[in-house]
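Q: Any chance you can model this:
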Amino acid sequence: MGEESVRGILNSFGITEKESEVYIFLARHGVLKCGEIAKGMKRHTAQIYRVLKILQNKGLIEATLESPTRFTAVSFETIINLSIKAKQDEATQIEKTKKDVLDYWKNIGQSRLEDSPEKFVVIEGRNKIYPKIAQMIKDTKNQFSAISSVRSLLLADQFDVFDVANNHPSKSKIQFRFLTELSSQNVNAVKTLLSNAPAAELNFKGRNPNAGLKLSPQMVIKDNEETLFFMSPRTDTSASKEDVCLWTNCKTLVQAFTAVFEDLWNNSTEIEKKILELETGKPTPKSLIFNDEKTAQKKLQEIVHLAKKEILILTSSSGLLDLWKSAPFICNKVENGVSVKIMAPIVKQNFETAAKLSEFCEIRHVPTNYCETTIVDAKHLFQTNSRGLNPIDSEGTACFENIFYSDDLEYVETVKTALNEIWKSARSPSAVAVESIIRPYGPPVFPVPQDGLLAKTNDTIIDIRPPGSLTEKDVLNKIINAKRLVAENPAKDPSRMYASLAVASIHPPEYFKLPDILIWATHVDKHSSFGPEDYIVVYQRLEASNRSDFVPVAIAGDNPNSIPVLKMAYAGTPASQNHHLVKKDELEIRVHGNTLFAGWTVPIPLYPSDVTLPPACILIEGYGNVKTLGFSSILPSGFKFVIEENYFDSFVTFFHPASKYSGPGTDAAFSRDCIITNYPPPNRNVP
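A: A predicted model of the protein is given here:
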């Protein structure tokens, strides 16, 4: 058997190409440290470390107990035999218990079924995800909805998911709906799917979102009772088999995701019409596509400069920077009664520019990956996939490529309506970034701006490591060679967490009926002093305190061993008396690449007690380059944190029963690799 055959077998077990390379390298070279593997394969240590953790979780490699840890490959024969035996045992067990299980199932009362607990289930890998989707379709009674990339639709077809829908006994009574993003590159693939998948009697409808919206997140919803949520990053276009999904039957979360779907569905075009538009190259008789830069620039500037009532601009983060060059023109238009509205992803790089532009026109944050669009006086529309398009100034960094123009009033009005809906749910940039708003009640896990509030609390932040004194590799090596720090007495002994965590500032609209909150979500590794854990700390702005700080008011976690330390750390705040121990399937914090998901299926009382954070979830998406930071922090309780981390600036999406909330790239941060050593204050007892 050659290496390609081995790779093929590993591939059939759901092992990716990179994982196969590491496994085969280990099999050839014996017991090795992570650094030795990285050197031998000429790869970055961080990349190899993450692959080793995945292989270890899948049982393909084993780790020694020594420090630093060494790894060895499980024999290939053992892997095959274990897989065969597992499948045989599974089939045998199902066969043995089939009759008893079916008899028991028939006797279960309907009331018992209705009382099933609300929970999360993590599903990893295509071989598990798509069969689960097929099962959800089988169980559908009324409606099945999906937001999916074309790639995922093709994968679903490979796993016969469409056949399951086509063979459903009640298919004529069920409404199947899907939203996907069509392009000239994938239109033929979608046409093939549509021709092969649904039968004539199948109520099967598809739509494409208006205004070039990039669909995210991907999800499926069954009968408004359960949902499967893909954790793939917003910009992920890879064909990785390591997709990760979170399934939940939490009613309020399903309601939140359903609201997201319905909003997109109502602002979308029937897929057959979109296919026709792409094939003809122009949606309407009065539409043009400019391939010549000079012609496009001249037409664009001519229309914008003649604006009489309104200029609506949807641009990129870099496009917003370019618009600052046109500030005098924009200001002049506003002074002459022209409404100027600009939507763009707000990130650290354009945060200051957004603040300056907002002094004379309206600015709001939108997520990344919209087509750049300019609409003038509801009569003229320009749209492009280019980045940095400045519809006003030709001196910008615009790259004019395939600019679409239309003055067809019906089409322009359709897109304008979609943009107005986006505008309604978008929000203005925060006055300060998330790193500046936590005062002494929480350790800042992210950089301390010199002009921020934290910089003024010198008694809280100490020992900030100079830039360059701590590297990404340093932090990863400490995690790779992690030693568990035993803390027998939490009131006196230091403890240590190896974790991934995120902090997100959320300023919900009034109809959410929630105060401004800040959520601190932490996924703790098993090598930590108190073992593995997921927990969140909720901060709230308290009016009675006469201060603008966020104060910790609630804690929810699934590890009873850490309760004494958390209560001690937050002593003197409402959170120390408002700790909730939840079940493992009631709180889920999951990290996938540079994305962190945190969701909870139980309500969390805030402050005062009549204010409650309902079941909801947040999605944190890191962007830009990884940064490294080391510092110490002392809380008012006297509790000291020594922190070393690799982190990203991030966007936040908050899925709430009322709606979906998207925050700018200044309102969240994601610490992918974090080491926190905790020192209790001297002479302090456990609360």
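
Q: Quickly list the domain ranges of this structure.
A: The record's domain split for the chain, according to automatic domain parsing, is 3-74, 116-278, 293-425, 434-679.

Q: want to try JSON lines for those, with mean pLDDT, mean neighbour count and distance to residue 83 as columns?
A: From N, CA and C alone the C-beta is placed, and that goes for glycine too. Below are the domains of the chain laid out as JSON lines (pLDDT from 0 to 100; neighbours: other Cβ atoms under 10 Å; distance: least, Cβ to Cβ, whole Å):
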{"stretch": "domain 3-74", "mean pLDDT": "83", "mean neighbour count": "16", "distance to residue 83": "6"}
{"stretch": "domain 116-278", "mean pLDDT": "83", "mean neighbour count": "18", "distance to residue 83": "12"}
{"stretch": "domain 293-425", "mean pLDDT": "82", "mean neighbour count": "18", "distance to residue 83": "39"}
{"stretch": "domain 434-679", "mean pLDDT": "83", "mean neighbour count": "19", "distance to residue 83": "25"}
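
Q: Redo the ones you listed as a markdown table? Include distance to residue 95.
A: Formatted as a markdown table, those follow (distance: least, Cβ to Cβ, whole Å):
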| stretch | distance to residue 95 |
| --- | --- |
| domain 3-74 | 23 |
| domain 116-278 | 19 |
| domain 293-425 | 48 |
| domain 434-679 | 28 |
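
Q: Of all these, which one is nearest residue 91?
A: domain 116-278 (15.3 Å; Cβ to Cβ).

Q: Off-centre distance for that closest one?
A: A distance of 18 Å separates the centroid of the chain from that of domain 116-278, by Cα atoms, centre = their mean, to the nearest Å.

Q: swap in stretch 420-427?
A: 20 Å.

Q: got a list of what the residue lying closest to residue 174 once chain neighbours are set aside touches?
A: Ranked by Cβ to Cβ, 6 or more residues apart in numbering and with sequence neighbours excluded, the top spatial neighbour of residue 174 is residue 140, at 5.6 Å. Residues near residue 140 by Cβ atoms under 8 Å, 6 or more residues apart in numbering: 168, 174, 222, 223.

Q: Skipping its backbone neighbours, what lies nearest the third one in space?
A: Just to be clear, that refers to residue 222. Sequence neighbours aside, residue 136 is the residue nearest to residue 222 in space, at 4.5 Å (criterion: Cβ to Cβ, 6+ apart).

Q: follow-up on the earlier one: which one among the contacts of residue 140 gets closest to residue 123?
A: Once Cβ to Cβ is applied, the member of these that ends up nearest residue 123 is residue 222, at 14.3 Å.

Q: In a markdown table: the contacts of residue 140, plus distance to residue 416.
A: Below are the contacts of residue 140 laid out as a markdown table (distance: Cβ to Cβ, whole Å):
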| residue | distance to residue 416 |
| --- | --- |
| 168 | 39 |
| 174 | 34 |
| 222 | 34 |
| 223 | 34 |
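
Q: now, which of those lie within strands?
A: The members of the contacts of residue 140 that map onto strands under DSSP state E are residue 222.

Q: Sort out which one of the contacts of residue 140 lies nearest residue 564 for me.
A: So of those, ranked by how close each gets to residue 564 (Cβ to Cβ), first place is residue 222, at 41.5 Å.

Q: just to revisit the earlier point, and the domains of the chain: which comes nearest residue 94?
A: domain 116-278 (14.8 Å).

Q: helix, strand or coil for residue 4?
A: Of the three states, residue 4 takes helix under DSSP: H, G, I helix; E, B strand; the rest coil.

Q: what's the answer for residue 514, then?
A: When classified by three-state DSSP, residue 514 comes out as coil.

Q: So it versus residue 541, what's the distance?
A: Distance from residue 514 to residue 541, counting by Cβ to Cβ, to the nearest Å: 11 Å.
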